[in-house]
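# Show me how the following folds:
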Amino acid sequence: EGYWRVIASAAIGDGIAVVPWGRGKFLTGVRVGGQGDITKSNLLWEKQDLGADVPTAVVRDRKAYLLTDAGRIVCLDLQSGDELWSAELPKNRNKYYASPVLAGDKLYCAREDGVVYVCRVSDDGCKQLAENDMGEHVFATPVPVRNGLLIRGENHLFRIGTSDTTQASAGGGR
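All right, here's what the predicted structure looks like:
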């Protein structure tokens, strides 16, 4: 279809690619591998009216966690595409351009206005734990690093997490 650019990337886990397309209107599960035209043979499931235009889903433990541009979090069974649960982040006119990050049982979701939500995810659903206003726009996906999280704002790079007392030293030290 014309003008159906794809910004979100496919997320792959357990031999299955979760592929968003159609400007956030569709989400497809496809078994990776094979040769030639695998359109029918490797298609596992397809969802209409569910997808993300910009954020890439997270795949782990046979589940896909999708964050829509409007702030809906949906947990899907990776093999069947069945919705296991969904949750809504607080409504706002701002969109989610950053992809969600799953670290342990915590899902981090950064909205374009700089509000970062922390949610605990489990088999039973999603519980919002925190709402953090970074004070500037955030479009980039947060990056987990050394017991913390790097968040690139419009003007600053933030590191949130436990203090890291380990120091690197250059060669030739004592």
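# Could I get the contacting residues of Pro142?
98, 101, 108, 110, 116, 149-151 (Cβ atoms under 8 Å, 6 or more residues apart in numbering). Where C-beta positions appear, they are placed from N, C-alpha and C, glycine not excepted.
# So it versus Asn92, what's the distance?
18 Å (Cβ to Cβ, to the nearest Å).
# and what of Val30?
For Val30 relative to Asn92 (Cβ to Cβ), the value is 32 Å.
# same question, His156
His156 is 21 Å from Asn92, by Cβ to Cβ.
# So between the two, which is more surrounded?
Shown here are His156 and Asn92; by other Cβ atoms under 10 Å, Asn92 has more neighbours (13 against 10).
# Would you confirm that that one contacts Glu112?
No. In this structure Asn92 lies outside contact range of Glu112 using Cβ atoms under 8 Å: 9.3 Å.
# Asp133 and Val115 touch, don't they?
Yes. Counting by Cβ under 8 Å, Asp133 touches Val115, with 5.3 Å between them.
# and the two? which has more neighbours close in?
Using other Cβ under 10 Å, the more surrounded residue of Asp133 and Val115 is Val115, with 20 against 10.
# Check the contact between that one and Met134; I expect there is one.
Yes. Between Val115 and Met134 there is a contact at 7.4 Å, judged by Cβ under 8 Å.
# For the residue nearest the centre of the chain, give me its contacts.
For the chain, Pro100 is the residue whose C-alpha lies nearest the centre (Cα atoms, centre = their mean; 2.7 Å). Pro100 is in contact with 55, 57-58, 65, 67, 73, 107-109, counting by Cβ under 8 Å, 6+ apart.
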